[in-house]
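Chemist: this one's sequence-less:
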């Protein structure tokens, strides 16, 4: 089955700096890669996603890049703000396209 | 628009007691439905998923079970809770018929076993 590794597990940045979270996956048949943000005690919320026919996608301060050859994808947050502090999860679909395998999560802390 | 409801929001149960958590989705037909568990400070573990009424797939062997008695209703149950069943239980849905779609999560149930 699919295996998703996420790094780093914790990340601390100063407000205004950029943050990068990286994930690798094992199943070359995976075609969909969402990112979720989970604030303390809340549900995970989809913040951005990318499909395998696209190499990069951007939404305001958030961008995701995908390298299918190397089987890795990354989340980039620019001009970080304290409200970006949360746990971020990457995920990848398995071969049926109906299930997601999640990475272990990255706790991002943005210091004011 | 689609919405997903989970209840209760919090639950405290003694070891050995039964469990029933309910999840319903509105605004879509025949969704894919999922139950996840999240231990404190940990990632998301898929427990069950369903692609239709009465169709349940289990990902992890345990003392939990799931049922889908109606199209948009998903229930997580246990006959006898263990201490290790404590955690944050999340229900999620995705569009059916089209692969590679996002999953959308409910607000979760925080379950504490005493």
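Modeler: Nice, I can see it. These numbers were taken from a predicted model, which means no experiment stands behind them.
Chemist: Give me the distance between the two termini of stretch A:55-70.
Modeler: 12 Å (CA to CA, to the nearest Å).
Chemist: residues in contact with that stretch?
Modeler: A:24, A:28, A:33, A:35, A:47-50, A:52, A:54, A:72-80 (CB atoms under 8 Å, 6 or more residues apart in numbering or on different chains). Heads up, the C-betas are built off the backbone N, CA and C, glycines and all.
Chemist: next one: stretch B:19-33
Modeler: Applying CB under 8 Å, 6+ apart, the contact partners of stretch B:19-33 are A:98, B:1-8, B:11, B:13, B:35, B:49-52, B:64, B:68, B:71-78, B:81, B:85, B:89, B:91-97, B:103, B:106, B:109, B:111.
Chemist: Quick check: strands, which of these are part of them?
Modeler: Members of the contacts of stretch B:19-33 lying in strands (criterion: DSSP state E): B:3-7, B:11, B:13, B:35, B:49-52, B:64, B:68, B:73-78, B:89, B:91-94, B:109, B:111.
Chemist: Just the buried ones from those residues?
Modeler: Using 16 or more other CB atoms under 10 Å in any protein chain shown as the burial test, these include B:4, B:6, B:11, B:13, B:35, B:49-51, B:64, B:68, B:74-76, B:78, B:89, B:91-94, B:109, B:111 as buried.
Chemist: can you tell me which of those are up against chain A?
Modeler: B:49, B:51, B:94 (CB under 8 Å from any CB of the partner chain).
Chemist: shaky segments in chain B?
Modeler: Within chain B, the segments meeting pLDDT under 70 span B:61.
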